[in-house]
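> Give me the fold of what follows.
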Amino acid sequence: MPAADRLVILDRDGVINRDSDDYVKSLEEWIPYPDAVKAIARLHRAGWTVAVATNQSGIARGYYGVAVLETMHGRLRDLVREAGGEIAHIAYCPHGPGDDCNCRKPLPGLLEEIREALSLDNLEGSWMVGDSLRDLQAGEPMGCRPVLVRTGKGRRTEEKGEGLQGAMVFDDLATFVDWLLARKGKAQAGQ
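Numbers count the residues shown, from 1 in each chain. Predicted coordinates for the structure are as follows:
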């Protein structure tokens with residue numbers, strides 16, 4: 001069973017792959033950041049558990065269906081496996097903003113799903129990595145440490161500056177993973 005302090009939860013669009021204001025509606029439009037895929041694999045090989053929590057309101061809006069989303073996620077899992085890693089769980093919210101669900105970030109429902117899927121008592125001390133304030137807000141009530149990446153909508157989020165107190169900011173997922181693995185390595189060397 002994974003430990004919460006060895007768990008990294010990632011938003012998808014803008015963190016793992018390019019985001020689009022017109023939504024990522026097909027496998028052809030799902031374009032991963034190569035360094036992000038490698039970073040996920042590096043985390044896994046270093047003993048970390050990686051999960052994904054993603055709002056996918058394009059389903060509710062009728063832009064694509066669950067089968068298309070599962071094709072994108074299958075491709076993501078394949079690329080990460082090819083790089084030597086694994087994604088433990090992918091949680092997604094198919095609802096629109098007005099659907100009154102409990103899973104659409106900034107609500108913590110997707111993170112609760114991840115906690116249950118990984119059989120964790122809590123997510124205290126895990127990392128929540130996103131490119132928007134709502135990603136970080138979803139992790140707050142769960143005790144996640146917030147990380148903003150500047151890819152996707154991250155630069156705009158950083159420029160607004162609202163609600164980012166306590167969040168660490170990195171250029172991209174790979175830079176965060178470099179820092180995290182170096183930090184853990186230093187901590188182990190000091191024991």
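
> could you give the mean pLDDT of the helix or strand in which residue 74 is found?
Per DSSP states H and E, residue 74 falls inside helix 66-82. Mean per-residue pLDDT for helix 66-82: 98.

> For that helix, buried residues please.
Judged by neighbour count using 16 or more other Cβ atoms under 10 Å, the buried positions of helix 66-82 are 68, 69, 72, 73, 76, 77, 79, 80. Yep, even glycine has a C-beta here, placed from its N, CA and C like the rest.

> swap in stretch 5-21?
7, 8, 9, 10, 11, 12, 13, 14, 15, 16, 17, 19.

> quick one on the thing from earlier: and the helix holding residue 74, what other elements does it pack with?
helix 34-45, strand 89-93 (3 or more Cβ pairs under 8 Å, 6 or more residues apart in numbering; DSSP states H and E).

> quick one: which of the ones you listed is nearest residue 53?
Of all the helices and strands packed on helix 66-82, it is strand 89-93 that lies closest to residue 53, at 5.0 Å by Cβ to Cβ.

> The next helix or strand after the closest one to strand 89-93, inter-axis angle?
As assigned by DSSP H and E, the chain's next helix or strand after strand 89-93 is helix 109-117. Using axes from the mean of the first three to the mean of the last three Cα atoms, to 10 degrees, the inter-axis angle of helix 109-117 relative to strand 89-93 is 150 degrees.

> Give me the next element, helix or strand, following helix 109-117.
Note on helix 109-117: by DSSP H and E, the next helix or strand toward the C-terminus is strand 127-130.

> mind checking how far the helix or strand following that next one is from the chain centre?
Once the chain leaves strand 127-130, the next helix or strand it forms, by DSSP H and E, is helix 133-139. Computed by Cα atoms, centre = their mean, to the nearest Å, the separation of helix 133-139 from the middle of its chain amounts to 10 Å.
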